[in-house]
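Q: The following block contains a protein sequence and its predicted model.
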Amino acid sequence: MKLSRSEFLRYMALLAGGAYVAGCHEGGRYNHITGKITGASAAVGHRLREGQLPAPQQEIRTKVLIAGGGIAGLSAARALSLAGMEDFLLVELEASTGGNSASGSNDLTQYPLGAHYLPLPNPENISLLNLLEEAGILTGYENGVPAYEETSLCFEPSERLLYNGRWQEGLIPQFGIGPKDETEIRRFLALMQTYRDKKGADGKWAFDIPVANSSSDAVFTSLDCSTMAGFLRKENFTSEPLLWYINYCCRDDYGAGIEVVSAWAGIHYFASRRGRAANADSSAVLTWPEGNGRLVRHLRKFSEKQTMTGTLAYQVEQVGNEVQVHVWDHQKQQTTKIIAEHCILAIPQFIAGRLLQYETPSHFTYAPWLVANITLNRLPEEKGAPLSWDNVMYNQQCLGYITAQHQSLRQSPEKVQVISLYWPLDQLEPTASRHNALKLEHKDWVDQCMTQLEKMHPGIYRQVNNIDVQVWGHGMVRPIPGFMTAPKPTEPERISFAHSDLSGVSVFEEAFYHGERAAKRYLNSAAHS
């Protein structure tokens with residue numbers, strides 16, 4: 001079903017952050033820009049909702065069936081493999097594994113289709129540190145502090161902000177702000193440092209990664225009762241540049257701003273990370289041209305022989321001492337019953353609910369996202385800070401763009417060929433925004449991406465050649481008030497859940513943690529059976 005003319009213009013105006021003038025393609029301005037819409041196989045996934053799949057045509061057996069090949073599923077497979085267990089299968093709807101950490105490539109470079117960096121792990125996150133060492137990203141320790149591969153640490157300059165018509169280093173507004181703004185920014189950062197240093201009576205950090213390791217003290221968990229905006233008002237933070245920055249950070253990690261996410265989640269963004277590196281500042285991040293696709297490439301090694309891609313799990317049932325999973329290969333048009341001792345559902349709760357026929361708790365809501373990979377001849381040099389890895393404009397709908405070749409040793413600052421633009425589609429409630437976004441055509445997204453990019457670089461459309469658009473209908477879970485303190489979904493005896501949405505924080509560390517946790521649950525039960 002297409003959008004009506006009035007609905008189309010209204011939604012496009014919301015995306016543009018103001019009035020939308022249609023007809024850029026008709027007028028020829030963007031007609032030279034080629035590209036396509038890629039994305040999760042929504043049409044195939046909707047077959048699950050419609051429930052019109054045939055009965056299984058064959059039957060196979062395995063000890064563990066992993067449904068979902070994102071980071072959580074790949075992490076579970078790795079944990080099983082490292083434990084010496086090879087009798088498992090992993091089914092993935094898409095043509096390749098990776099989920100939100102998938103990547104793409106063209107003749108020029110690799111580039112991310114979703115998650116594109118990993119902050120330095122906290123010292124207590126031994127499992128993640130071991131993974132990075134195993135992958136050759138962590139190269140050793142100096143006096144107990146990790147040292148990382150130089151080409152994996154984000155090169156300088158790492159961030160810049162277009163504010164008051166000039167590019168400045170870093171993302172916190174600095175130039176052209178008043179004394180009151182400066183005072184509030186310093187006060188806010190000091191308050192976040194206080195929370196970062198706090199521990200609860202249970203001996204746990206107040207805010208930690210993974211989220212499950214955070215303190216359960218009521219003095220901290222009570223922050224989940226209000227929004228981040230409410231917390232900031234209570235603490236008398238009113239500076240417009242500061243509020244913009246905090247809102248930007250929440251939209252970046254949660255797909256929703258300070259009026260939507262809980263205060264606990266908002267503070268967690270700033271107070272949960274204590275990573276260190278022997279050869280970099282603590283604020284450094286690990287990144288690659290393909291984003292977290294670099295980590296996916298390593299994780300895939302543990303399940304290459306056991307992976308069935310292009311395969312949709314559409315029914316899961318625990319029957320006695322086994323789990324029966326019906327799957328559909330949408331290329332072969334073939335259904336199969338997989339019988340397993342245990343099933344790991346490495347999928348979001350809204351899908352798990354359909355498979356197990358329970359109602360997904362109302363606090364599980366998901367933000368739609370757009371990632372556009374833009375090929376161009378070059379970006380112009382402008383006043384202030386030079387082109388960086390992350391490039392952001394103040395008070396803009398999209399989050400800005402990263403340069404895919406920033407980590408290349410052969411990069412040329414005069415000629416950037418691929419940039420990746422990130423955009424949480426939070427202008428409407430998630431369901432409405434998701435439905436509208438999935439109905440737009442490629443030329444509509446070209447108009448929107450160029451509207452955002454032209455604000456940053458007027459006239460840049462002449463340099464753009466191609467825009468490939470990735471629409472994530474359920475890009476990440478939103479940690480709304482009450483999410484962090486809500487009861488976690490109950491796992492059946494022989495079925496485990498593994499997905500970052502269980503944490504309310506859609507980042508690599510959480511997906512990796514839940515995959516390992518689910519695998520260990522099975523391994524422990526198998527050892528005692």
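A: That came through fine.
Q: can you list the weak-confidence ranges in the stretch 51-200 of the chain?
A: 51 (pLDDT under 70).
Q: Tell me where it has strands.
A: Taking DSSP state E, counting those that start in this stretch as the criterion, the stretch 51-200 of the chain carries its strands at 58-67, 88-92, 103-105, 110-112, 118-119, 138-142, 145-148, 159-163, 166-169.
Q: Save those as JSON lines, and put in mean neighbour count too.
A: Heads up, the C-betas are built off the backbone N, CA and C, glycines and all. Shown next, in JSON lines, are those (neighbours: other CB atoms under 10 Å):
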{"stretch": "strand 58-67", "mean neighbour count": "20"}
{"stretch": "strand 88-92", "mean neighbour count": "25"}
{"stretch": "strand 103-105", "mean neighbour count": "19"}
{"stretch": "strand 110-112", "mean neighbour count": "25"}
{"stretch": "strand 118-119", "mean neighbour count": "21"}
{"stretch": "strand 138-142", "mean neighbour count": "14"}
{"stretch": "strand 145-148", "mean neighbour count": "17"}
{"stretch": "strand 159-163", "mean neighbour count": "23"}
{"stretch": "strand 166-169", "mean neighbour count": "18"}
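Q: Tell me which of those sits nearest to residue 223.
A: Among those, the nearest to residue 223 by CB to CB is strand 118-119 (21.5 Å).
Q: what does that closest one contact?
A: With CB atoms under 8 Å, 6 or more residues apart in numbering as the contact definition, strand 118-119 has outside contacts at 273, 275, 285-287, 292, 295, 508-509.
Q: can you do 6 Å?
A: With CB atoms under 6 Å, 6 or more residues apart in numbering as the contact definition, strand 118-119 has outside contacts at 273, 275, 285-286, 508.
Q: In helices, which of these appear?
A: Judged by DSSP state H, these include residue 508 as members of helices.
Q: any idea how far residue 253 is from residue 263?
A: 14 Å (CB to CB, to the nearest Å).
Q: neighbour count winner among those two?
A: residue 263 (23 against 18; other CB atoms under 10 Å).
Q: For the residue nearest to that one when sequence neighbours are not counted, grab phi and psi.
A: Excluding its sequence neighbours, the residue lying closest to residue 263 (CB to CB, 6 or more residues apart in numbering) is residue 231, at 3.6 Å. Here is the backbone geometry of residue 231 (degrees, to the nearest 10): phi -60, psi -40.
Q: right, and the strands of the stretch 51-200 of the chain - which one's nearest residue 301?
A: Residue 301 lies closest to strand 88-92 among the strands of the stretch 51-200 of the chain, at 12.7 Å (CB to CB).
Q: Just checking: what are the partner strands of that closest one?
A: According to DSSP bridges, strand 88-92 forms sheet pairs with strand 58-67 (parallel), strand 307-309 (parallel).
Q: Show me the one of those strands that comes nearest residue 353.
A: Using CB to CB, the strands paired with strand 88-92 put strand 58-67 closest to residue 353, at 13.3 Å.
Q: CA atoms only: put the closest one into PDB for me.
A: Provided in PDB are the C-alpha atoms of strand 58-67 (Å, rounded to 0.1, in the frame of the first residue of the first chain):
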ATOM      1  CA  GLN A  58      11.900 -33.400   5.900                       C
ATOM      2  CA  GLU A  59      13.400 -33.900   9.400                       C
ATOM      3  CA  ILE A  60      17.000 -33.500  10.800                       C
ATOM      4  CA  ARG A  61      18.400 -33.800  14.300                       C
ATOM      5  CA  THR A  62      21.100 -31.800  16.200                       C
ATOM      6  CA  LYS A  63      22.000 -31.200  19.800                       C
ATOM      7  CA  VAL A  64      21.500 -27.400  19.700                       C
ATOM      8  CA  LEU A  65      19.700 -25.200  17.200                       C
ATOM      9  CA  ILE A  66      20.600 -21.500  17.100                       C
ATOM     10  CA  ALA A  67      17.900 -19.400  15.400                       C
END
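Q: what sits against residue 371?
A: Contacts of residue 371 (CB under 6 Å, 6+ apart): 113, 422, 470.
Q: pretty sure it is in a strand, no?
A: Yes: checked against DSSP: H, G, I helix; E, B strand; the rest coil, residue 371 lies within a strand.
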